[in-house]
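Q: I would like to see how this sequence folds:
(one chain, ligands or ions: 1)
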Amino acid sequence: MTENKREDDLGKTQELFDFLQGKVPEGYRIPESEMPKLTADQAWTVVWYLGNLYWQVPDYIERCDVCGDLFDSNSEGTCLDYGDAPYDFCGACEDGEDAEEKRRSPENPEQDSDDASP
Ligand SMILES: [Zn+2]
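A: The predicted structure is shown next:
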(Lines give C-alpha, C1' and ligand atoms only; values in the text may rest on other atoms or scores of the structure.)
Protein backbone atom coordinates (compact mmCIF):
# COMPACT_ATOMS: atom_id res chain seq x y z
CA MET A 1 0.00 0.00 0.00
CA THR A 2 2.60 2.50 1.12
CA GLU A 3 4.88 1.23 -1.63
CA ASN A 4 2.15 1.86 -4.23
CA LYS A 5 1.57 5.36 -2.97
CA ARG A 6 5.28 6.06 -3.17
CA GLU A 7 5.41 4.89 -6.77
CA ASP A 8 2.34 7.00 -7.49
CA ASP A 9 3.99 10.04 -5.91
CA LEU A 10 7.08 9.49 -8.01
CA GLY A 11 5.00 9.05 -11.18
CA LYS A 12 2.89 12.17 -10.58
CA THR A 13 5.89 14.27 -9.68
CA GLN A 14 7.69 13.03 -12.79
CA GLU A 15 4.64 13.99 -14.87
CA LEU A 16 4.60 17.48 -13.36
CA PHE A 17 8.35 17.80 -13.90
CA ASP A 18 7.92 16.81 -17.57
CA PHE A 19 4.84 19.04 -17.94
CA LEU A 20 6.76 22.09 -16.79
CA GLN A 21 9.28 21.35 -19.52
CA GLY A 22 6.65 21.28 -22.26
CA LYS A 23 5.37 17.68 -22.33
CA VAL A 24 1.56 17.59 -22.44
CA PRO A 25 0.24 14.84 -20.14
CA GLU A 26 -1.75 12.06 -21.80
CA GLY A 27 -5.43 12.90 -22.20
CA TYR A 28 -5.01 16.68 -22.15
CA ARG A 29 -5.16 19.19 -24.98
CA ILE A 30 -3.27 22.36 -24.15
CA PRO A 31 -2.52 25.01 -26.77
CA GLU A 32 1.19 25.20 -27.59
CA SER A 33 1.31 28.89 -26.64
CA GLU A 34 0.02 28.08 -23.14
CA MET A 35 2.48 25.31 -22.35
CA PRO A 36 5.33 26.08 -19.96
CA LYS A 37 8.79 25.51 -21.40
CA LEU A 38 11.13 25.59 -18.43
CA THR A 39 14.61 24.15 -18.29
CA ALA A 40 14.98 21.03 -16.13
CA ASP A 41 16.54 23.18 -13.38
CA GLN A 42 13.68 25.70 -13.46
CA ALA A 43 11.10 22.89 -13.52
CA TRP A 44 12.78 21.32 -10.54
CA THR A 45 12.63 24.66 -8.65
CA VAL A 46 8.83 24.69 -9.12
CA VAL A 47 8.51 21.06 -8.00
CA TRP A 48 10.73 21.78 -4.99
CA TYR A 49 8.66 24.87 -4.12
CA LEU A 50 5.35 22.97 -4.29
CA GLY A 51 6.76 20.09 -2.30
CA ASN A 52 8.23 22.21 0.43
CA LEU A 53 5.66 24.93 0.74
CA TYR A 54 2.28 24.06 -0.64
CA TRP A 55 1.85 20.85 -2.57
CA GLN A 56 -1.88 20.90 -3.24
CA VAL A 57 -3.34 23.65 -5.38
CA PRO A 58 -7.16 23.47 -5.13
CA ASP A 59 -8.94 23.13 -8.48
CA TYR A 60 -11.68 25.60 -7.59
CA ILE A 61 -9.28 28.49 -7.80
CA GLU A 62 -9.61 29.78 -11.36
CA ARG A 63 -8.03 32.55 -13.40
CA CYS A 64 -10.25 35.18 -15.01
CA ASP A 65 -9.82 35.22 -18.79
CA VAL A 66 -10.65 38.93 -18.91
CA CYS A 67 -8.59 40.61 -16.18
CA GLY A 68 -6.17 37.77 -15.40
CA ASP A 69 -6.83 37.78 -11.64
CA LEU A 70 -7.20 34.56 -9.66
CA PHE A 71 -10.53 33.98 -7.90
CA ASP A 72 -12.36 31.40 -5.80
CA SER A 73 -14.99 29.87 -8.10
CA ASN A 74 -16.89 28.47 -5.10
CA SER A 75 -17.86 31.97 -4.08
CA GLU A 76 -17.83 34.06 -7.26
CA GLY A 77 -17.52 34.08 -11.02
CA THR A 78 -18.77 32.03 -13.96
CA CYS A 79 -17.31 29.47 -16.32
CA LEU A 80 -18.58 29.22 -19.88
CA ASP A 81 -17.31 25.85 -21.06
CA TYR A 82 -17.66 25.48 -24.82
CA GLY A 83 -15.70 26.27 -27.95
CA ASP A 84 -11.94 25.82 -27.95
CA ALA A 85 -11.48 26.10 -24.20
CA PRO A 86 -13.44 26.96 -21.07
CA TYR A 87 -13.76 30.67 -20.36
CA ASP A 88 -13.63 31.85 -16.77
CA PHE A 89 -14.91 35.17 -15.48
CA CYS A 90 -14.24 36.49 -11.99
CA GLY A 91 -17.02 38.20 -10.01
CA ALA A 92 -15.98 41.64 -11.22
CA CYS A 93 -15.95 40.62 -14.90
CA GLU A 94 -18.88 38.18 -15.17
CA ASP A 95 -21.38 40.91 -16.07
CA GLY A 96 -18.98 42.76 -18.34
CA GLU A 97 -19.00 43.12 -22.10
CA ASP A 98 -16.59 40.22 -22.75
CA ALA A 99 -18.78 37.85 -20.77
CA GLU A 100 -21.93 39.04 -22.57
CA GLU A 101 -20.29 38.58 -25.94
CA LYS A 102 -19.15 35.07 -25.01
CA ARG A 103 -22.68 34.19 -23.81
CA ARG A 104 -24.14 35.40 -27.13
CA SER A 105 -21.64 33.34 -29.15
CA PRO A 106 -23.27 30.94 -31.62
CA GLU A 107 -21.04 28.25 -30.14
CA ASN A 108 -22.82 28.55 -26.79
CA PRO A 109 -25.01 25.46 -26.42
CA GLU A 110 -27.26 27.37 -24.00
CA GLN A 111 -27.90 30.00 -26.65
CA ASP A 112 -31.48 29.84 -27.98
CA SER A 113 -31.23 28.46 -31.47
CA ASP A 114 -33.20 26.23 -33.80
CA ASP A 115 -30.06 24.86 -35.39
CA ALA A 116 -29.19 21.32 -34.40
CA SER A 117 -25.62 21.25 -33.19
CA PRO A 118 -23.37 18.41 -34.26
ZN1 LIG B 1 -11.86 39.36 -14.00
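
Q: tell me, how many neighbours does P25 end up with?
A: For P25, the neighbour count with other C-beta atoms under 10 Å is 11. No exception for glycine: its C-beta is placed from N, CA and C like everyone else's.

Q: residues of the longest helix anywhere in the chain that come out buried?
A: Using DSSP state H, we find that the single longest helix of the chain is helix 2-20. By 16 or more other C-beta atoms under 10 Å, the buried positions in helix 2-20 come out as L16, F17, F19, L20.

Q: can you put those residues in a markdown table and add distance to the ion and pLDDT?
A: Converted to a markdown table, the buried residues of helix 2-20 look like this (distance: C-beta to the ion, whole Å; pLDDT from 0 to 100):
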| residue | distance to the ion | pLDDT |
| --- | --- | --- |
| L16 | 27 | 91 |
| F17 | 31 | 94 |
| F19 | 26 | 95 |
| L20 | 26 | 96 |
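
Q: returning to what we had before: on contacts alone, who are the packing partners of the longest helix of the chain?
A: Counting contacts by 3 or more C-beta pairs under 8 Å, 6 or more residues apart in numbering; DSSP states H and E, helix 2-20 packs against helix 40-53.

Q: The helix it packs on versus helix 2-20: what angle between them?
A: Counting by axes from the mean of the first three to the mean of the last three C-alpha atoms, to 10 degrees, helix 40-53 lies at 130 degrees to helix 2-20.

Q: Which strands and helices lie in contact with helix 40-53?
A: Going by 3+ C-beta pairs under 8 Å, 6+ apart, helix 40-53 lies up against helix 2-20.

Q: Name the residues that touch the helix it packs on?
A: Helix 2-20 has contacts (C-beta atoms under 8 Å, 6 or more residues apart in numbering) with P25, P36, L38, A40, Q42, A43, W44, V46, V47, L50, G51.

Q: Buried subset of those, written for ChimeraX?
A: Those of these that count as buried under 16+ other C-beta under 10 Å are selected in ChimeraX with:
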select :43,47
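
Q: Going by distance to the ion, which of the contacts of helix 2-20 wins?
A: Distance to the ion, by C-beta to the ion, is smallest for P36 among the contacts of helix 2-20, at 22.4 Å.
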